[in-house]
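K.L.:
Pasting the sequence and the predicted model now:
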Amino acid sequence: MKTLKSSQFVVSIIIVSLSFLMMKPVAAIPAFLPNVSSIPMGESLPIDGVWTIRAINKNIRFEGGRAYAVDDWMHMFVLHIQPDMVVIKNVEQTAPGTYVGDDLPMLSKATARLQANGRINYTAGVFSSELIPVELDYPELMAETLQNLGGGDNDIQPAPDQNPERSDCSEWAIDPETNKPVCLD
């Protein structure tokens, strides 16, 4: 019986691990999350609107103290998060540009800190990501909030991949008339 050298063993483990990561889940279970219609809306917030979770490139919508999935995705390789499932509830502003809530998939308290560039640094348990604005419900309120943080409404950096007309753009801004991302190249 041959014995594997330690380097061969490590390579074998890596290959097997990568093959598992590339596999599509055999049976996706719908996530055990409430539907947006079952969680009452609360107070409107400056962050209300659609945001891209940069780490997974999926969209959520903040709306009245809760956030729900716009896109679907797999959570922890098994749970299927579907559109309209609430992923964050009890969202409230605790300080200018700072929000807290309950991240339901992560089973953790969440903190969202608005940055001067209009993006959010989001953390929940061991997960952290940047949230990038796609479409804001209250752009004037966001601009006022950003000015109070030392930024301005022209500093908002939208998600570049959200503009279907030009995804290779390197410099983006929000058009003040339409509140939509525009390419400046």
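P.N.:
All right, it came through fine. Residues are numbered from 1 along each chain as shown.

K.L.:
contacts and neighbour counts: CA atoms only from here.
P.N.:
Will do.

K.L.:
where are the low-confidence patches of this structure?
P.N.:
Segments of the chain classed as low confidence (criterion: pLDDT under 70) are 1-7, 9-27, 151-185.

K.L.:
where do the strands sit along it?
P.N.:
If DSSP state E is used as the criterion, the strands of the chain fall at 29-30, 49-53, 58-62, 67-69, 73-75, 79-81, 86-95, 98-103, 108-114, 120-124, 127-136, 172-174, 181-183.

K.L.:
List the buried residues for the fifth one?
P.N.:
I take that to be strand 73-75. Burial within strand 73-75, assessed by neighbour count using 16 or more other C-alpha atoms under 10 Å, is assigned to 73-74.

K.L.:
partner strands of that strand, parallel or antiparallel?
P.N.:
According to DSSP bridges, strand 73-75 has the following sheet partners: strand 79-81 (antiparallel).

K.L.:
now what about the strand it pairs with, what contacts it?
P.N.:
28-31, 33, 69, 72-75 (C-alpha atoms under 8 Å, 6 or more residues apart in numbering).

K.L.:
swap the cut-off to 7 Å and go again
P.N.:
With contacts defined as C-alpha atoms under 7 Å, 6 or more residues apart in numbering, strand 79-81 is touched by 28-31, 72-75.

K.L.:
what sits against the spatially closest residue to Asn35 that is not a sequence neighbour?
P.N.:
The spatial neighbour of Asn35 that comes closest, neighbours along the chain excluded (C-alpha to C-alpha, 6 or more residues apart in numbering), is Met85 at 4.6 Å. Residues in contact with Met85, defined by C-alpha under 7 Å, 6+ apart, are 33-36, 68-69.

K.L.:
at 10 Å what do you get?
P.N.:
30-38, 60, 67-72, 104 (C-alpha atoms under 10 Å, 6 or more residues apart in numbering).

K.L.:
again, but for Ala124
P.N.:
100-112.

K.L.:
Buried subset of these as a ChimeraX selection?
P.N.:
This is how ChimeraX selects the buried members of the contacts of Ala124, with burial counted by 16+ other C-alpha under 10 Å:
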select :100,101,102,103,104,105,106,108,109,110,111,112
